[in-house]
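Undergrad: need coordinates for the following:
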Amino acid sequence: MKLNLSRGLAAAGILTASLTVVGSALAAAPSGGAYLAQSQALQAPSCRPTDLYVVKGRLEGAAGNRYLTVKITNVGDAPCTTGVVTRAAFRDWSGVLGSKGALSSGGAAISLDQGRTVRTTIHWTDPGPVPAAACDKATATLVTLRLPSLAHTWRLPLRAQVCTTPDYAPDSKPLH
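TA: Residues are numbered from 1 along each chain as shown. As a prediction, this is how the structure comes out:
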């Protein structure tokens, strides 16, 4: 009998200590902890194109490849959410050049607090090392970035030699 009573007291002591630790952790966490932050992100409304400022970043190149960073900043009045999938294409002043790039991978959404910036990278092959018949070289004056979740496309000025065949269509990374 005494053995069972001591086990019960030990269990009660462990339970009390556990509840104290959990209570302290919740009290120390901002705004009720991570769960609240996640639920707020899920409740953020969808971004509108006018909430987002889109600008070209750095253009880099290596071994016949070009990489253009594009930055997207939430300049709206509140947090908003957008899908991470992107799609790139090239244009000149007459219209689309060649094939549009495939949709990037990813199916998640990302929440952007006011002032938060996310990025994508648009990649293409420089026509220089590509055989002329496989490339169909053209001069792009614009690169377009589409966010299918918003059904909106931004046109950014760019002067670059690009291949216009499907094998060399531009590709883009998901927003991160």
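
Undergrad: got the phi and psi for Val84?
TA: phi -90, psi -10 (degrees, to the nearest 10).

Undergrad: count the neighbours of it for me.
TA: 19 (other Cβ atoms under 10 Å). Yep, even glycine has a C-beta here, placed from its N, CA and C like the rest.

Undergrad: for it, give me its contacts.
TA: 104, 106-110, 174-176 (Cβ atoms under 8 Å, 6 or more residues apart in numbering).

Undergrad: make it 7 Å
TA: Listed by Cβ atoms under 7 Å, 6 or more residues apart in numbering, the contact set of Val84 reads 106, 108-110, 174-175.

Undergrad: of all those, which two lie farthest apart?
TA: By the measure Cβ to Cβ, Ala109 and Pro174 form the most distant pair in these, at 10.9 Å.

Undergrad: gap between Glu60 and Ser172?
TA: Using Cβ to Cβ, to the nearest Å, Glu60 is found at 15 Å from Ser172.

Undergrad: neighbour count: the two, which is higher?
TA: Ser172 (25 against 12).

Undergrad: wouldn't the more buried one be in contact with Ile122 here?
TA: Yes. Counting by Cβ atoms under 7 Å, Ser172 touches Ile122, with 4.8 Å between them.

Undergrad: any idea which of the contacts of Val84 is least confident?
TA: Ranked by pLDDT, these bottom out at Gly106, which has 88.

Undergrad: tell me how many other residues crowd it.
TA: 15.
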